[in-house]
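In: Fold the stuff below for me.
(one chain, ligands or ions: 2)
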Amino acid sequence: MASTAKSRWADAEEDAAFEEKRRRDKEKKEEKRRLKVIEKAKKEKEAEAARRAASTSNAGNNNTDDVDGDRPLKRRKYTPEPHDSRRAAQNGTPKERGEITAAPEGSLLRLTGGSLPDPCRSVERYEKLNDIEEGAYGWVARAKDKATGEVVALKRLKLDANDRSGVPVTGLREIQLLKDCAHRNVVELREVVVGDRRPIDNILLVLEFVEHDLKSILEDMPQPFLASEVKTLLRQLASGVAYLHGRWILHRDLKTSNLLLNNRGQLKIADFGMARYIEEDTSGGSTSHLTALVVTLWYRAPELLLGARRYGRAVDMWSVGCIFGELLTREPLLQGKNEADELARIFDLCGVPTDATWPGFRRLPNARALRLPPSSQHQQSTTAAIRGKFPLLTTAGCSLLASLLSLDPEKRPTADEMLDHEYFRQDPRAKQEAMFPTFPSKAGQERRRRRDTPNAPQRGGAVADLGNMDFTGIFGGRDKEERGAGFSLRMV
Ligand SMILES: Nc1ncnc2c1ncn2[C@@H]1O[C@H](COP(=O)(O)OP(=O)(O)O)[C@@H](O)[C@H]1O
Ligand SMILES: [Mg+2]
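Out: Residues are numbered from 1 along each chain as shown. Ligands and ions are numbered 1, 2, ... in the order given. The predicted model follows:
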């Protein structure tokens with residue numbers, strides 16, 4: 001019996017060793033086969049690219065993307081796209097321009113070249129006319145479609161210099177979101193084109209060309225906009241924002257240089273580099289944690305400055321308030337030198353927050369260190385401060401601006417509510433777009449001149465630690481103050 005048992009164990013061990021060897025051999029074979037398939041696909045791709053290069057009449061105008069217009073490769077893989085339902089629900093977008101793989105915030109994403117249902121065409125189809133903007137962050141140029149003669153704007157996506165095969169999530173979001181949008185007050189993305197070098201080192205958005213941005217106009221115009229013109233611009237801005245917010249999109253970088261204006265008086269929201277979709281909770285905020293380091297400093301809402309990670313549409317409405325003020329005076333409303341100074345200027349205009357005016361603000365990460373004057377101390381209402389700052393603005397205008405600049409995000413109107421505000425119903429009525437004045441287009445000729453203004457924060461940066469901020473002297477000695485926020489901010 002014992003020997004049978006022994007022999008049974010021996011058999012089992014032998015079997016196991018044999019099985020193990022077979023498994024290893026199989027794995028090796030499979031790996032070999034996989035490499036062969038990859039190698040073959042690569043060769044096929046190269047041959048295909050060469051064939052297309054040869055057959056294209058326009059030298060250098062070849063496109064080596066994986067899918068040919070009439071002969072798709074055999075192994076096509078489609079990446080499921082987020083927000084498909086929203087995209088399906090919307091019509092009017094130009095033809096599909098490529099699939100995008102979603103990834104969590106902060107990571108690099110790849111354009112799934114092999115799965116493009118309609119491959120990106122080559123940038124060679126466009127002839128550059130002139131640079132519009134070349135800054136630290138990006139490059140935009142005016143260009144002409146060689147085939148149709150149509151003038152467009154080309155915007156180069158910022159690729160990560162260290163990883164040329166990857167596109168930063170912001171770039172992909174910009175494509176994705178613009179692709180999902182079709183509204184007269186949102187700039188139209190016509191297509192995405194790529195440079196000819198492989199691996200792709202240039203991805204460009206082809207946008208409808210718009211003659212001006214509001215910042216350039218404001219910088220150059222000798223007289224401010226008329227009240228009726230401000231109203232036209234604001235109504236269009238609110239319509240565009242209402243459209244975005246209705247589609248769960250936060251722009252997160254609304255400012256005058258990102259608002260374009262064409263010669264027919266139409267305003268277009270542009271620059272979706274900071275934008276993203278949000279999931280919503282019932283309070284209008286976001287269910288997930290978002291980065292607080294968004295929105296260019298001068299347009300950044302107080303909850304962001306105080307480090308809020310759950311925020312919502314109201315951050316854009318704060319920026320709309322800042323833009324409103326800027327349209328009236330031609331000067332940015334709250335030009336903070338840094339985060340603490342920005343907050344100081346906000347409190348100077350809107351008063352310091354109290355538990356009554358902004359319930360729960362103390363729970364925000366940066367609010368714990370705030371030292372504020374006692375609540376009994378007199379402070380004027382935001383409306384009164386606004387009335388003082390904008391003496392020509394009507395009462396309705398002051399009340400709208402004051403509500404947009406509510407410290408408590410929940411008290412700010414939504415874009416739809418803004419459109420319903422009596423400000424838009426009162427005289428002077430909004431000027432008809434067709435009657436809007438035209439301006440000489442700098443974009444049509446040369447690079448736009450820029451004054452030094454802050455840019456949107458860079459991804460991956462840390463939210464400023466504001467330290468202990470002492471605002472207790474905020475309302476003292478105003479007469480001695482200089483223009484602007486005036487009071488000094490003591491860091492203790
Ligand atoms: N479609 C367009 N037509 C004309 N000019 C544009 C267009 N898009 C952008 N610009 C100009 O280029 C500038 C920068 O573009 P933007 O999209 O804001 O990129 P960035 O991310 O570099 O700020 C804008 O302020 C505007 O002057
Ligand atoms: Mg911009």
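In: only C-alpha atoms for contact and neighbour calcs from this point on.
Out: OK.
In: so how far does stretch 306-317 reach from one end to the other?
Out: 17 Å (C-alpha to C-alpha, to the nearest Å).
In: which residues make contact with that stretch from outside it?
Out: By C-alpha atoms under 8 Å, 6 or more residues apart in numbering, the surrounding residues in contact with stretch 306-317 are 241, 245, 250-254, 278, 284-292, 300-301, 303-304, 364-367, 404, 409-410, 412-415, 463.
In: rerun at 7 Å
Out: With contacts defined as C-alpha atoms under 7 Å, 6 or more residues apart in numbering, stretch 306-317 is touched by 245, 250-252, 254, 284-292, 301, 364-367, 404, 409, 412.
In: which ones are touching Ala396?
Out: Applying C-alpha under 7 Å, 6+ apart to Ala396 gives the contacts Glu422, Tyr423.
In: For it, give its distance to ligand 1.
Out: If you measure Ala396 against ligand 1 using C-alpha to the nearest ligand atom, to the nearest Å, the figure is 30 Å.
In: Now that residue. Its backbone dihedrals?
Out: For Ala396, the backbone dihedrals (degrees, to the nearest 10) come out as phi -60, psi -40.
In: quick one on the thing from earlier: could you list which of the contacts of stretch 306-317 belong to strands?
Out: Of the contacts of stretch 306-317, the ones assigned to strands by DSSP state E are Leu250.
In: Of the contacts of stretch 306-317, keep whichever come out buried.
Out: For these, a burial check counting by 16 or more other C-alpha atoms under 10 Å picks out 245, 250-252, 254, 285-287, 290-292, 301, 364-367, 404, 409, 412.
In: Check which residues of stretch 182-196 are buried.
Out: Buried, per 16+ other C-alpha under 10 Å, within stretch 182-196: 182-183, 185-196.
In: Stretch 129-149 now?
Out: Buried residues in stretch 129-149, counted by 16+ other C-alpha under 10 Å: Leu129, Asn130, Asp131, Ile132, Glu133, Trp139, Val140, Ala141, Arg142, Ala143, Lys144, Asp145.
In: Stretch 321-335 too?
Out: Result for stretch 321-335 [16+ other C-alpha under 10 Å]: buried residues 321-328, 330-335.
In: could you give the mean pLDDT of it?
Out: Average pLDDT, stretch 321-335: 98.
In: what about the longest strand seen in the chain and ligand 1, touching?
Out: In the chain, with assignment by DSSP E, the single longest strand is strand 126-134. Yes - using C-alpha under 6 Å from any ligand atom, strand 126-134 reaches ligand 1 at Ile132, Glu133.
In: Pull the residues that contact the helix or strand following that strand.
Out: Later in the chain than strand 126-134, the nearest helix or strand by DSSP states H and E is strand 139-145. The contact list for strand 139-145, computed with C-alpha under 7 Å, 6+ apart, reads 125-134, 150-156.
In: anything in strand 139-145 sitting right up against ligand 1?
Out: Yes - Strand 139-145 reaches ligand 1 (C-alpha under 6 Å from any ligand atom) through Val140.
In: strands paired with that strand, and their directions?
Out: strand 126-134 (antiparallel), strand 151-156 (antiparallel) (DSSP bridges).
In: Report the mean per-residue pLDDT for the helix or strand following the shortest one.
Out: To tie it back to what came earlier, the one meant is strand 151-156. Downstream of strand 151-156, the first helix or strand assigned by DSSP H and E is strand 167-168. Averaged across strand 167-168, pLDDT comes to 76.
In: Now do the buried residues in the next helix-or-strand element following strand 167-168.
Out: For strand 167-168, the following helix or strand on the C-terminal side (DSSP H and E) is helix 169-180. Neighbour-count burial for helix 169-180 flags Val169, Thr170, Gly171, Leu172, Arg173, Glu174, Ile175, Gln176, Leu177, Leu178, Lys179, Asp180 (criterion: 16+ other C-alpha under 10 Å).
In: what's around the residue lying closest to the fifth one once chain neighbours are set aside, how many residues?
Out: Closest residue in space to Arg173, ignoring its immediate chain neighbours: Arg276 at 6.6 Å, by C-alpha to C-alpha, 6 or more residues apart in numbering. A count of nearby residues for Arg276, using other C-alpha atoms under 10 Å, gives 19.
In: Arg276 reaches Leu250, doesn't it?
Out: Yes - counting by C-alpha atoms under 7 Å, Arg276 touches Leu250, with 5.6 Å between them.
In: what residues does this structure put near ligand 1?
Out: Near ligand 1, when you scan the chain using C-alpha under 6 Å from any ligand atom, you find 132-133, 137-138, 140, 153, 207-211, 213, 257-258, 270-271, 273.
In: hang on, the earlier thing: of the strands paired with strand 139-145, which is nearest Leu218?
Out: Leu218 sits nearest to strand 126-134 of all the strands paired with strand 139-145, at 16.7 Å, using C-alpha to C-alpha.
In: Quickly find the element holding Gly325.
Out: Taking DSSP H and E as the criterion, Gly325 maps to helix 314-329.
In: Count the residues that sit near the residue nearest to Lys144 when sequence neighbours are not counted.
Out: Nearest non-adjacent residue to Lys144, counting by C-alpha to C-alpha, 6+ apart: Val151, 4.4 Å away. Neighbour count of Val151, defined by other C-alpha under 10 Å: 20.
In: dump the residue contacts of Val151.
Out: Listed by C-alpha under 7 Å, 6+ apart, the contact set of Val151 reads Arg142, Ala143, Lys144, Asp145, Phe209.
In: next one: Val187
Out: Glu208, Lys268, Ile269, Ala270.
In: so which of those is the most crowded?
Out: Going by other C-alpha under 10 Å, Ile269 tops those with 26 neighbours.
In: Could you verify my assumption that that one touches Val186?
Out: Yes - taking contacts as C-alpha under 7 Å, Ile269 lies within contact range of Val186: 4.6 Å.
In: between these two, what contacts are shared?
Out: Taking C-alpha under 7 Å, 6+ apart as the contact rule, Ile269 and Val186 both touch Gly240.
In: now whatever residue of the stretch 1-150 of the chain ends up closest to ligand 1: how far from Gly321?
Out: Residue nearest to ligand 1 within the stretch 1-150 of the chain (C-alpha to the nearest ligand atom): Gly138, separated by 4.2 Å. Gly138 is 27 Å from Gly321, where distance means C-alpha to C-alpha.
In: Please name the bridge partners of Asp470.
Out: On the basis of DSSP bridges, Asp470 is bridged to Arg371, Arg490.
In: Which pair of the buried residues of stretch 129-149 spans the longest distance?
Out: Maximum distance among the buried residues of stretch 129-149 (C-alpha to C-alpha): 19.2 Å, for Glu133 and Asp145.
In: who touches Leu154 in this structure?
Out: Shown in contact with Leu154 (C-alpha under 7 Å, 6+ apart): Val140, Ala141, Arg142, Ala143, Leu204, Leu205, Val206, Leu207.
In: One more pass at 6 Å, please.
Out: For Leu154, the contacting residues are Val140, Ala141, Leu205, Val206, by C-alpha atoms under 6 Å, 6 or more residues apart in numbering.
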